[in-house]
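Asks: Here you go, sequence then predicted model.
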4 protein chains.
Amino acid sequence: MAEKIRIFITGGTFDKEYDEIGGRLFFKDSHVPEMLRLGRCLVPVETRTLMMIDSLEMTQEDRALILQSCKSAKEARIVITHGTDTMEETARVLGEAKLKKTIILTGAMVPYKFGSSDGLFNLGSALAFAETLSPGVYIAMNGRYFNWDNVRKDKSSGEFKEHKS
Amino acid sequence: MAEKIRIFITGGTFDKEYDEIGGRLFFKDSHVPEMLRLGRCLVPVETRTLMMIDSLEMTQEDRALILQSCKSAKEARIVITHGTDTMEETARVLGEAKLKKTIILTGAMVPYKFGSSDGLFNLGSALAFAETLSPGVYIAMNGRYFNWDNVRKDKSSGEFKEHKS
Amino acid sequence: MAEKIRIFITGGTFDKEYDEIGGRLFFKDSHVPEMLRLGRCLVPVETRTLMMIDSLEMTQEDRALILQSCKSAKEARIVITHGTDTMEETARVLGEAKLKKTIILTGAMVPYKFGSSDGLFNLGSALAFAETLSPGVYIAMNGRYFNWDNVRKDKSSGEFKEHKS
Amino acid sequence: MAEKIRIFITGGTFDKEYDEIGGRLFFKDSHVPEMLRLGRCLVPVETRTLMMIDSLEMTQEDRALILQSCKSAKEARIVITHGTDTMEETARVLGEAKLKKTIILTGAMVPYKFGSSDGLFNLGSALAFAETLSPGVYIAMNGRYFNWDNVRKDKSSGEFKEHKS
């Protein structure tokens, strides 16, 4: 039997919806449960929504809540869905806490509800990294994983890269 | 820089298309390159189509070709897309050859071109397992991975399970 | 207030599903209600499933049931979803009955559940033709409509054409 | 042979794209040609992009250009894709000009690239209305059509209704 993975949802592009009346993007409910069904996920998971926000609006209090939730979780393997704009900041907060857990932050470049989203691909790989990597904090995007202290988002391409590259 | 992964395509449900004239499912070209684009895959990969068939029609010659291709590949990490019906047989042929490579077989329960496919999720996790697991032969489906000598497909549910479970 | 339209469902490519266990196409429930929701259809409709079959298997008894259902319906405007292979035969049975109703047969070249389906486009135009054409029996496919006595399916291209063209 | 229909593209929700870098909706190219391919449209059409804007930003000069384009077109049947927010204003400008043409304005509540879009359904019905309605200016949305001088968008529900209803 596979080990249970905890999934914490914080919002981000993953979960943006289109508001038909206002013509804007907004947050309603998370699409992660639907994505797990679509992936016919057989890994036992426990999902919890901590917040549902754009990561540009994430405060230090929000990050403290995420850290506390990782500490309190009884699972040793955790996936966090998160907006990409400040994903590396949250990774740093979690990394510096030196928990003895495998924590994977992931997200999407395009909302799941857009046909062209990378979200399902990223969620599949994030769960696989959570199952196999040793304790530490990682960002997993577009098939790759990065250590929390060696990653940055390239603002012009939108891609995550090693810090020094 | 991430290590290059070799992807071998053999067909399977992943790649089934709908034939508008005949009203049947058939194989044309592989959807794997399109899926890698959708996932905005940043892992360097080299893709090669070995065959494009339903795995129920796969012969021992076909399996010998897959094994030979894994041996010849200069990459040490390999993903093979494959129909689920005989995936465990091919895994056994590869496993018994005891190559010093990480080989992941993956597939889909529903064709990629069907909106409800698990293919993108599986491909994302297969690449992640290929990057992280130690040398061996594995089946990766629906978020989980199984050693080649401890897996069977449950014919009634369509799910992969540990052999003894 | 718009006039109510009756929708009779008979199956056809429109409604084919993918059977994950058997790897075949089959019929379960109709997707027409979901398609009407997706189109945010504001035309009042009453939907009824008469059968759920491939039109190659449709018998004269089945066609007699469709004709009888059109006669009995209290609505004067009717849309019938139907497989394309024998759509012109059913249209002839209905056309020769000379009902004083506007009856539109429509279908799809690709199952609705396949991302690349023409079904939603066809359903939208079929409803519009049902609202605007004078009494008669028509086939509506891919943006065009044809009188029941001047249409044939071109077996090689899969397209509907005027009989003499 | 079916009569040729002219399609004028002006932008609107139909054509909104997701900007991966900025996380915003924006306009790039029109999706109408792709939608016609998906619908396997067999009606001869000639497509021309007049502008690519949110209809809230449409000026009287823009509307004058649309009117002039309808006048100059050699086709007597025209479909205009348009944002829904000011669709009734453009319809009024065209309606008061009393051209002897059948002009259908249509749009979408949700961008075509979002999986849940009504766009394909609306485009299918707009073309059907263009083929069948007598000269005049109409708004076609969600399966219904309205005369230009008897329609309003209900701001709270987003639905088009008869003016007096």
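Replies: Received it, and whenever you're ready, just let me know what you need. Numbers count the residues shown, from 1 in each chain, chains lettered A, B, ... in the order given.
Asks: From chain C, how far off is the nearest residue in space to residue A:30 that is not next to it in sequence?
Replies: Spatial nearest neighbour of residue A:30, chain neighbours left out: residue A:9 (4.7 Å); criterion: CB to CB, 6 or more residues apart in numbering or on different chains. (C-beta placed from N, C-alpha, C; glycine too.) Going from residue A:9 to chain C by CB to the nearest CB, to the nearest Å gives 26 Å.
Asks: Same question for residue A:63.
Replies: Counting by CB to the nearest CB - residue A:63 and chain C are separated by 38 Å.
Asks: same thing with residue A:40?
Replies: Residue A:40 is 9 Å from chain C, by CB to the nearest CB.
Asks: Show me what from chain A comes close to chain C.
Replies: Neighbours of chain C within chain A, by CB under 8 Å from any CB of the partner chain: residue A:115.
Asks: ok, what's across the strand from residue A:153?
Replies: residue A:160 (DSSP bridges).
Asks: OK, contacts around it?
Replies: A:84-85, A:87-88, A:159-161 (CB atoms under 8 Å, 6 or more residues apart in numbering or on different chains).
Asks: Just checking: what are the partner strands of the lengthiest strand in chain A?
Replies: Secondary structure of chain A per DSSP state E: the longest strand is strand A:45-53. Each strand paired with strand A:45-53, and its direction, by DSSP bridges: strand A:5-11 (parallel).
Asks: need the helices for chain A, in chain order.
Replies: A:32-38, A:60-72, A:87-96, A:119-132 (DSSP state H).
Asks: So which of those is nearest chain B?
Replies: Nearest to chain B among those is helix A:119-132; the distance by CB to the nearest CB comes to 3.2 Å.
Asks: Contact residues of chain A facing chain B?
Replies: Residues of chain A lying near chain B (CB under 8 Å from any CB): A:1-2, A:35, A:38-43, A:109, A:116-118, A:120-129, A:131-133, A:140-145, A:159-160, A:162, A:165.
Asks: Would you write a ChimeraX line that selects the buried entries of the residues you listed?
Replies: Remark: buried members of those, expressed as a ChimeraX selection using 16 or more other CB atoms under 10 Å in any protein chain shown:
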select /A:2,35,38,39,40,41,43,109,116,117,118,120,121,122,123,124,125,126,127,128,129,131,132,133,140,141,142,143,144,145,159,160
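Asks: how about residue A:20, what does it touch?
Replies: Residue A:20 touches D:109-110, D:158, counting by CB under 8 Å, 6+ apart.
Asks: hang on, the earlier thing: need the contacts of residue A:153 in JSON lines with pLDDT, can you?
Replies: Output for those, formatted as JSON lines (pLDDT from 0 to 100):
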{"residue": "A:84", "pLDDT": "95"}
{"residue": "A:85", "pLDDT": "95"}
{"residue": "A:87", "pLDDT": "97"}
{"residue": "A:88", "pLDDT": "96"}
{"residue": "A:159", "pLDDT": "92"}
{"residue": "A:160", "pLDDT": "94"}
{"residue": "A:161", "pLDDT": "93"}
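Asks: would you list those residues in JSON lines and tack on distance to residue D:80?
Replies: Listed next are these as JSON lines, based on distance: CB to CB, whole Å:
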{"residue": "A:84", "distance to residue D:80": "37"}
{"residue": "A:85", "distance to residue D:80": "37"}
{"residue": "A:87", "distance to residue D:80": "42"}
{"residue": "A:88", "distance to residue D:80": "46"}
{"residue": "A:159", "distance to residue D:80": "39"}
{"residue": "A:160", "distance to residue D:80": "42"}
{"residue": "A:161", "distance to residue D:80": "45"}
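Asks: Ranking by neighbours, what's the top pick from those residues?
Replies: residue A:87 (25 neighbours; other CB atoms under 10 Å in any protein chain shown).
Asks: dump the residue contacts of that residue.
Replies: A:12, A:55, A:105, A:107, A:139, A:153, A:160.
Asks: Likewise for residue A:56?
Replies: A:83, A:85-86.
Asks: Residue A:147 against residue A:136, yeah?
Replies: Yes: applying CB atoms under 8 Å, one finds residue A:147 in contact with residue A:136, separated by 6.6 Å.
Asks: that older thread, name the member of the contacts of residue A:153 with the shortest distance to residue D:59.
Replies: residue A:85 (34.1 Å; CB to CB).
Asks: pretty sure the closest one contacts residue D:21?
Replies: No: counting by CB under 8 Å, residue A:85 sits too far from residue D:21 to count as a contact (10.3 Å).
Asks: Common neighbours of the two, please.
Replies: Counting by CB under 8 Å, 6+ apart, nothing touches both residue A:85 and residue D:21.
Asks: Contact partners for residue A:43?
Replies: A:2, A:5, A:127, A:131, B:142-144.
Asks: Skipping adjacent residues, who's closest to it in space?
Replies: Using CB to CB, 6+ apart, the nearest residue to residue A:43 is residue B:143, at 4.1 Å.
Asks: swap in residue A:19?
Replies: Computed as CB to CB, 6+ apart, the closest residue to residue A:19 that is not its neighbour in sequence is residue A:26, at 4.8 Å.
Asks: in the sheet, who's paired with that neighbour?
Replies: Residue A:26 has these beta-bridge partners by DSSP bridges: residue A:17.
Asks: Would you check that it makes contact with residue A:17?
Replies: Yes: the pair residue A:26 and residue A:17 passes the contact test of CB under 8 Å, sitting 5.8 Å apart.
Asks: ok, back up a step: tell me, which of the contacts of residue A:56 make contact with chain D?
Replies: Answer for the contacts of residue A:56 near chain D (CB under 8 Å from any CB): residue A:85.
Asks: So for the residue of chain A positioned farthest from its centre, what's the pLDDT?
Replies: Largest separation from the mean C-alpha position in chain A: residue A:21, at 28.7 Å (CA atoms, centre = their mean). For residue A:21, the model assigns a pLDDT of 88.
Asks: quick one: contacts for it?
Replies: Contact analysis of residue A:21 by CB under 8 Å, 6+ apart lists D:155-158.
Asks: Let me see the backbone angles for it.
Replies: Main-chain torsions, residue A:21, degrees, to the nearest 10: phi -80, psi -50.
Asks: and it, how far is that from chain B?
Replies: Taken as CB to the nearest CB, the span from residue A:21 to chain B is 26 Å.
Asks: where does chain A dip in pLDDT?
Replies: A:1, A:164-165 (pLDDT under 70).
Asks: Apply 80 and report the result again.
Replies: Flagging of chain A using pLDDT under 80 yields the residue ranges A:1, A:115, A:164-165.
Asks: How about the residues of chain A by chain D?
Replies: Residues of chain A lying close to chain D (CB under 8 Å from any CB) are A:13, A:18, A:20-21, A:23-25, A:54, A:85, A:109-111, A:113-116, A:155-158.
Asks: Quick one, which of these are buried?
Replies: A:13, A:18, A:20, A:23, A:25, A:54, A:85, A:109-111, A:113-114, A:116, A:158.
Asks: Now, the contacts of residue A:56 that are in strands?
Replies: With DSSP E as the criterion, strands contain none of the contacts of residue A:56.
Asks: Relative to residue B:30, which of the contacts of residue A:56 is nearest.
Replies: residue A:83 (32.8 Å).
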